[in-house]
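A.B. asks: sequence and computational prediction follow.
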Amino acid sequence: MAEDLWKKEYDFAVAVARKAGAVIREAGEKEIKVCTKSSTVDLVTKTDERVEKIIIGSLKEEFGEGTHCFIGEESVAKGEPCILTDKPTWIIDPVDGTTNFVHGFPFVAVSIAFAVNKELEFGVVYSCLEDKMYKARRGKGAFCDDDRITVSDVEEIKKSIIISEHGTDRSPEKVKKIFSTMQKILCIPVHGLRGSGTAATNMCLVACGAVEAFFEIGIHCWDIAAGAVIVKEAGGILLDVDGMSIRSVNCVAINQALCFGETPLLKNRLCLTIQGGPFDLMSRRMVSANNKKIADRIIKEIEIFPAERDDAPIQKK
Ligand SMILES: O=P([O-])([O-])O[C@@H]1[C@@H](O)[C@H](O)[C@@H](O)[C@H](O)[C@@H]1O
Ligand SMILES: [Mg+2]
């Protein structure tokens, strides 16, 4: 019988995610709830680091040191490389929804993905305060606990709920673009805009059909790697918001744009439209949706701002 490739790693990832979720819940009970919120921010950083160490330590113990590579949010924050090679690689966000965790807002997820030859083989997202285990293996469908999940069949944007996040950057130019995008999408109109505070959970909400699409500019690979497999295996689509296509050329406008830079008026005259490109795990931009029609419609409204790729060379300080 053909070997069920990576089944052992998948089953172990589910078990480790559940173990990590229990540690997060316990930290919430013993360290967060018993403190005033202002005194818990540092505790959270320790929890994120502690949980990532537990996950990576368990994986190394089970599969051996040096056999796999690791990309973990906390490890990268300490200077570890964030480069996806052909080697079997775990992509880990130990506590997705860190800010939620501090505030006791009930959406906190453990996100564990596994890639080989730069292809995502499986993803596990454990929403530990809801006790919901979302999981998917490439080509084998998506599940929440033992129930098969599929994306929504809504095709009309006006009947959809769109989910997004505003991230942690509060620079005025980014905040302006983020909220201008959200305003344009809300006023299409759509049924509603939501945000759980964790990208991984947002993507699982797309996968189970609770919302039609999730997008975010500035997101990291560890936030979305597991959710990407789950959305795709639930029948959804993943795109990068990769840039401009000129629908019609207006030479005068081109010249003006070259001279004065792009202005809203010029953008219309240039008929510049943002279009979706192939999903790029490291690009810091992502749209996940139930279908391409919904994805393309919201992509048109997204105002991109620059975000350095996750796999960009580390600048020597
Ligand atoms: O930091 P974390 O809680 O693991 O991950 C969070 C993401 O899930 C969320 O989508 C993003 O908007 C936040 O800025 C933060 O990055
Ligand atoms: Mg995260």
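C.D. replies: Received the coordinates, thanks. Just so we're clear, the structure is a prediction, and the values are computed from it rather than from any experiment. Ligands and ions are numbered 1, 2, ... in the order given.
A.B. asks: go ahead and name everything in contact with the lengthiest helix in the chain.
C.D. replies: Of all the segments of type helix in the chain, defined by DSSP state H, the longest one is helix 41-63. Outside helix 41-63, the residues that touch it by CB atoms under 8 Å, 6 or more residues apart in numbering are 9, 12-13, 16-17, 19-20, 23-24, 27, 31-32, 35, 68, 70, 72-75, 90, 92, 94-95, 98, 101-102, 110, 112. The C-beta positions use only the backbone N, C-alpha and C, and glycine is treated the same way.
A.B. asks: for stretch 279-287, same thing?
C.D. replies: Contacts for stretch 279-287 (CB under 8 Å, 6+ apart): 82, 84, 120, 213-221, 224-225, 228, 238-242, 276, 295, 298-299, 302, 304, 307-311.
A.B. asks: before we move on, back to that, from the contacts of helix 41-63, list just the buried residues.
C.D. replies: Buried residues within those, counting neighbours by 16 or more other CB atoms under 10 Å: 9, 12-13, 16-17, 20, 23-24, 27, 32, 68, 70, 72-75, 90, 92, 94-95, 98, 101-102, 110, 112.
A.B. asks: take those residues and keep only those in helices.
C.D. replies: In helices, judged by DSSP H, the following of the buried ones among the contacts of helix 41-63 are found: 9, 12-13, 16-17, 20, 23-24, 27, 73-75, 98, 101-102.
A.B. asks: I'd assumed residue 105 was in contact with residue 32.
C.D. replies: No. Applying CB atoms under 8 Å as the test, residue 32 and residue 105 come out as separate, 10.9 Å apart.
A.B. asks: so the residue nearest the centre of the chain is in which element?
C.D. replies: What sits nearest the mean C-alpha location of the chain, by CA atoms, centre = their mean, is residue 224, with 2.8 Å. Assigned by DSSP states H and E, residue 224 falls within helix 221-233.
A.B. asks: also residue 242?
C.D. replies: Here residue 242 is assigned to strand 237-246, by DSSP H and E.
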